[in-house]
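S.K.: Coordinates only, no sequence provided:
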């Protein structure tokens, strides 16, 4: 099950969304990208998020 599908299946989905975000707008975004492109975006976001952490771990091993 894709994240959008799981979110859409929740009974109280509107309470899980930020102000101004609708399920329809998320559906449009979800359908705009292929599975491969979605995976690439997720991978790039993870690399951007964890890159500083990985860099700190390497430096601390040499101390």
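M.R.: On my side now, so go ahead. For clarity, every value in this text was computed on a predicted model and none was experimentally measured.

S.K.: mind giving me the domain ranges of this structure?
M.R.: As assigned by automatic domain parsing, the chain contains the domains 1-32, 34-63.

S.K.: so how far is residue 8 from residue 45?
M.R.: Relative to residue 8, residue 45 is positioned 21 Å away (C-beta to C-beta, to the nearest Å). For glycine as for every other residue, the C-beta is placed from the backbone atoms N, C-alpha and C.

S.K.: likewise residue 30?
M.R.: For residue 30 relative to residue 8 (C-beta to C-beta), the value is 9 Å.

S.K.: Residue 21 now?
M.R.: Residue 21 sits 13 Å away from residue 8 when distances are taken as C-beta to C-beta.

S.K.: which ones are touching residue 21?
M.R.: By C-beta atoms under 8 Å, 6 or more residues apart in numbering, residue 21 lies in contact with nothing.

S.K.: Please disregard the earlier target; I meant residue 38.
M.R.: Per C-beta under 8 Å, 6+ apart, neighbours of residue 38: residue 30.

S.K.: what helix or strand does the most centrally placed residue in the chain sit in?
M.R.: Central residue of the chain (C-alpha atoms, centre = their mean): residue 42, 5.8 Å from the mean position. Using DSSP states H and E, the element containing residue 42 is helix 35-61.

S.K.: same question, residue 18
M.R.: Going by DSSP H and E, residue 18 is not in any helix or strand.
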